[in-house]
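Student: This is a predicted model, with the sequence first.
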Amino acid sequence: MHHDEQVTCPEIRFGTTPMLDLDFPTSRPPRPVDDPQNLLPIINGGPGQTVSPTNETTLQGARLWSLIGGLYLAVYLVGLDLSMLSTVIPKLSDYFHRISDVGWYEIAYLVPICVLQPLAGQIYTVMPSKVCVKAPLMSQQLISFKHTYLAFFIVFELGSLVCAVAPTSPVFIIGRAITGIGAAGLMNGGLVIISAACPPRIRPMITGAAISLIPLGGITGPLIAGALTDHLGWKWCFWIFLPVGAITAVIIIAVRIPEQAPKPPFRQALSELPRSVDPVGFLLFAPAIIELLLAISWGGADFAWSSPTIIGLFCGSVATMVAFAMWSRYAGEKALIPRSTMLHPLVVFGSAVVAMQGGSTTVVTYYLPLWFQAIQGQSAVGAGVRLLPSMISMIAGMMTAAVLVRRLHYVPPWAIAGSILSAVGTGLLTTLSVTSTTGHWIGYQIITGYGRGMALQIPVIAVQESLPSEELAMATSSLTLLMYLGSAIGTSVGQTIFRSGIPGALAQYAPFVDPELVINTGATEIQHLVTPDQLPELLRAYNEALTQIFFYPTASAAVAVLLAFGLGWKRIGVDNSPEMAGHGVYMASCLPDRDAVAKYPVRFAAKDLPRKSPAMDALSLTNSSNK
């Protein structure tokens, strides 16, 4: 460039809202900057436009924490709804007089959650969620996720309302399906919003706490459902979601959530939505998941695993999944799950780790309370209280992993260490006996929960900190899908192990008891099946069958150890280029290419930046590249 050549360049000042010039080249998609003032220098295409320190790319203060509280409440409600049904089912069968429909109450909820995960991810990726027609394309009114999230949440609440007023069993099943449709977009949507709204320095901790709310809901669900059913009736197990959910809705509406990536106005996005989603992929993916879930739910309970029905469902699931994979390869980036996301190592191995740990968590959360009730004679409330060591240690493990990732910027070591601890802890649970002391079951839970807490959130953190913003919703939906599938598989396998283990254990220790009677009796009533002098033998047999279930989470956690090595050993949370070493979280991703800087020299109002900050260091580096 000649020195006498005039160059017209945009000027960036601080005080108003940023605009984005689509023609200005950048080295990679913009990402949040871990700066005290959350400054994100964005090149503006017109004169007089400026960047404001108050125009956050993430939220701060009361707005941030109120939003997190609302999202936490929504995620907790999803976990609560998953677990309350087990307590309500006896009352439902008495009320509707349709014992044959009991299995559908869970299937109708679980199927839409799993089937709609990729579609929900595409919707979060494509659709802006606030109608703002007058705002120009990619203007300062970058639309938030809130209305898309609210749409899913309203459907979730509507499903709870239908269940509460259902006069017949088929209407109740429809209500469960509607609830599942709404829940499909809440977990992954909440994680995406957390990624968009939280500063990078606290994002891992906030994410980990959100993930822990699913098992927390699983533990407290039966306790709350039991109290409501005994005192107010089973319908209140669903009415309760409406006033509690209203709190979340008000918070989400009141807080403006920053968008992760620029999106077109609502009307344009709505008109392009049919071309942006993949209907063929969905029509192949949906039956594959439905057949798999039906096989898992019916196998060992309604049908033998070797029956033609179960074998046919598994074969159909494999065939349609192969067809889905072939179609995804053909459709490329326009597929239901884009190829770049489906084959990304972090998504592949992260989803596998989450599936293994999700199954392990569900089995322990579901069957350890049964051990407390049957072997130690605890009530449902007492069994829930005795799970607190597992929950407290799980939260501690998540916080520890979040701090370690933030400090050291590597994820595999903590996923590996957490999976090892989880495998050791669940392995120790297999040694529980009628004579086990308080120290035994507390210590085993602490080891299990702490390891599970470290391992379960690591894949989500790695995806949030490593993938481009436009791929985050789809990647998160993949993780969520595998977590639910892992939980469903874990529950089914645990049930199969228990049902197949009871006859052998009774034949060895208590041959005078009918196995079918034991299988069909609740854990709290098991001690009333025999006389007091026969009770020790029955408890020994029941303990033998129940503790065998914990071999499954032990094996799952052991497999997760191997899978965790695939998460990659690249540093996350910092730019890995030599030029940007030590300049904060993803600072280089916000800067223009050096060629672009030479072509469009930019004047920054450096006086408005803190003297010692990552942003000031980055601007100094940019200016030096011009010399």
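Tutor: Received it, and whenever you're ready, just let me know what you need. The structure displayed is predicted, hence computed values, not measured ones. Numbers count the residues shown, from 1 in each chain.
Student: buried set for stretch 530-549?
Tutor: 530, 537-549 (16 or more other Cβ atoms under 10 Å). C-betas here are computed from N, CA, C, even on glycine.
Student: and which of the residues you listed is nearest to V155?
Tutor: I549 (34.6 Å; Cβ to Cβ).
Student: Surely the closest one is in contact with I497?
Tutor: Yes: at 4.9 Å, I549 and I497 qualify as touching, with contact defined as Cβ atoms under 8 Å.
Student: Make TSV from the buried residues of stretch 530-549 and add secondary structure to it.
Tutor: Output for those, formatted as TSV (DSSP: H, G, I helix; E, B strand; the rest coil):
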residue	secondary structure
V530	coil
E537	helix
L538	helix
L539	helix
R540	helix
A541	helix
Y542	helix
N543	helix
E544	helix
A545	helix
L546	helix
T547	helix
Q548	helix
I549	helix
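Student: Lowest pLDDT pick from those residues?
Tutor: The lowest pLDDT within the buried residues of stretch 530-549 belongs to V530, which sits at 83.
Student: how much space is there between that one and P511?
Tutor: 12 Å (Cβ to Cβ, to the nearest Å).
Student: after whichever strand or helix holds G425 comes which helix or strand?
Tutor: Taking DSSP states H and E as the criterion, G425 maps to helix 412-429. Downstream of helix 412-429, the next assigned helix or strand under DSSP H and E is helix 438-466.
Student: what is the mean pLDDT for the helix or strand just after that next one?
Tutor: Heading C-terminal from helix 438-466, the first helix or strand you meet, by DSSP H and E, is helix 469-509. In this model, helix 469-509 has an average pLDDT of 82.
Student: chain center to helix 469-509, what's the gap?
Tutor: What separates the centre of helix 469-509 from the centre of its chain is 15 Å, taken as Cα atoms, centre = their mean, to the nearest Å.
Student: in the stretch 101-250 of the chain, which ranges drop under the pLDDT threshold?
Tutor: 102-103, 126-145, 208 (pLDDT under 70).
Student: could you pull out the helices for it?
Tutor: 102-115, 117-126, 146-165, 169-183, 186-197, 203-231, 236-239, 241-254 (DSSP state H, counting those that start in this stretch).
Student: Just want the angle from the second one to helix 186-197.
Tutor: Think helix 117-126. Computed by axes from the mean of the first three to the mean of the last three Cα atoms, to 10 degrees, the angle separating helix 117-126 from helix 186-197 equals 30 degrees.
Student: circling back to that earlier point, would you point to the one among the helices of the stretch 101-250 of the chain that's packed deepest?
Tutor: helix 186-197 (a mean of 26; mean count of other Cβ atoms under 10 Å).
Student: If I take that helix and helix 146-165, what angle do their directions form?
Tutor: Using the same axes, to 10 degrees, helix 186-197 lies at 150 degrees relative to helix 146-165.
Student: Output helix 186-197 as PDB - backbone C-alpha positions only.
Tutor: Listed next in PDB are the C-alpha coordinates belonging to helix 186-197 (Å, rounded to 0.1, in the frame of the first residue of the first chain):
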ATOM      1  CA  LEU A 186     -35.200 -27.600  27.900                       C
ATOM      2  CA  MET A 187     -32.000 -29.400  28.900                       C
ATOM      3  CA  ASN A 188     -30.000 -28.700  25.800                       C
ATOM      4  CA  GLY A 189     -31.500 -25.200  25.500                       C
ATOM      5  CA  GLY A 190     -30.600 -24.400  29.100                       C
ATOM      6  CA  LEU A 191     -27.000 -25.500  28.500                       C
ATOM      7  CA  VAL A 192     -26.800 -23.400  25.300                       C
ATOM      8  CA  ILE A 193     -28.200 -20.300  27.100                       C
ATOM      9  CA  ILE A 194     -25.700 -20.800  29.900                       C
ATOM     10  CA  SER A 195     -22.900 -20.900  27.300                       C
ATOM     11  CA  ALA A 196     -24.200 -17.700  25.700                       C
ATOM     12  CA  ALA A 197     -24.900 -15.800  28.900                       C
END
